[in-house]
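S.K.: Mind looking at a prediction? Sequence and model below.
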Amino acid sequence: SFSRGYARSALRYGVPLVFHGLGATAVVTADRTLISNLVGIDETGKYVVAAQLAMMITFLADSFNRAYAPWLFEKLKEGNLSTMRRIVVGTYWYYAAILILAGVLILVAPLLIEYMIGPQFYGSTKYVFWLSLAGAFSGVYYMVTLYIQFSGKTERLAAVTLTVGILDIFLCYALIRLVS
């Protein structure tokens with residue numbers, strides 16, 4: 001049967017996630033769109049090659065996040081203090097691991113670009129460092145969002161993501177203008 005309280009609770013949790021999605025879309029699309037319009041399509045191609053390589057980190061982080069979330073939520077529901085401490089320590093280890101992965105990708109990307117993609121995209125290597133770090137920070141962000149989602153305070157998640165999305169547009173524009 002229909003419950004107004006349950007529906008209200010579901011909307012309070014879910015509606016902010018729409019704005020979370022809008023902010024995430026701005027972050028994902030602003031850079032490519034601005035590079036294409038401000039610098040040119042050739043440079044966008046090099047950037048996209050680097051972005052595809054760096055996306056390996058984001059995909060690994062997202063996959064881990066999706067597998068980890070049900071277990072994490074179950075453990076957080078239990079409220080066991082020693083388990084929560086282990087979760088915090090594990091979260092810090094995860095942060096270290098994702099940054100190490102980014103470092104490894106930064107080191108091997110020139111070889112991947114040269115031998116798998118081709119020398120015409122070797123100029124992509126200048127973007128790999130920043131995009132790999134961005135992928136690692138996305139992984140950190142994914143982990144933090146789990147705790148926010150568990151708390152049910154998705155309006156905070158939406159506010160942060162939407163703010164970051166808007167800032168991303170302005171920062172991308174300013175930084176592209178600065179370096180081009």
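M.R.: Arrived safely, thanks for sending. Numbers count the residues shown, from 1 in each chain.
S.K.: And the helices in this structure, which stretches?
M.R.: Assigned by DSSP state H, the helices in the chain fall at 4-38, 41-78, 81-112, 125-151, 154-179.
S.K.: Phi first, then psi, for Gly118.
M.R.: Backbone torsions for Gly118, taken as degrees, to the nearest 10, come to phi 130, psi 150.
S.K.: State the number of residues packed around it.
M.R.: The burial count assigned to Gly118 is 10, neighbours taken as other CB atoms under 10 Å. To be clear about C-beta, it is placed using only N, CA and C from the backbone, and glycine gets the same treatment.
S.K.: ok, it to Val49 distance?
M.R.: Distance, Gly118 to Val49, by CB to CB, to the nearest Å: 9 Å.
S.K.: export the helices of the chain to TSV and tack on mean pLDDT and mean neighbour count?
M.R.: What follows is the helices of the chain, written out as TSV (pLDDT from 0 to 100; neighbours: other CB atoms under 10 Å):
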stretch	mean pLDDT	mean neighbour count
helix 4-38	88	15
helix 41-78	94	16
helix 81-112	96	14
helix 125-151	92	18
helix 154-179	87	15
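S.K.: So what does Ser3 look like in phi/psi?
M.R.: Note on Ser3: backbone dihedrals following degrees, to the nearest 10 are phi -130, psi 120.
S.K.: Could you measure from it over to Gly152?
M.R.: 17 Å.
S.K.: ok, now which ones touch the residue positioned nearest the centre of the chain?
M.R.: The centroid of the chain falls nearest to Ser138 when counting by CA atoms, centre = their mean (2.6 Å). Remark: with contacts taken as CB atoms under 8 Å, 6 or more residues apart in numbering, Ser138 is in contact with Ile57, Thr58, Ala61.
S.K.: mind checking how far Tyr47 is from Ser124?
M.R.: Remark: distance between Tyr47 and Ser124 (CB to CB) = 7 Å.
S.K.: what's the answer for Asp168, then?
M.R.: Look at Asp168 and Ser124: by CB to CB, they are 21 Å apart.
S.K.: cool, Ser1 as well?
M.R.: Taking CB to CB as the criterion, Ser1 is separated from Ser124 by 57 Å.
S.K.: what does Ile35 give?
M.R.: Distance, Ile35 to Ser124, by CB to CB: 12 Å.
S.K.: hey, what's in contact with both of those two?
M.R.: Overlap of the contact sets of Ile35 and Ser124 (by CB under 8 Å, 6+ apart) consists of Tyr47.
S.K.: Contacts for stretch 2-21 next, please.
M.R.: With CB under 8 Å, 6+ apart as the criterion, stretch 2-21 contacts Gly152, Thr154, Glu155, Leu157, Ala158, Ala159, Thr161, Leu162.
S.K.: With respect to Arg66, which of those residues is nearest?
M.R.: Each of the contacts of stretch 2-21 was scored against Arg66 by CB to CB, and Leu157 proved nearest at 16.4 Å.
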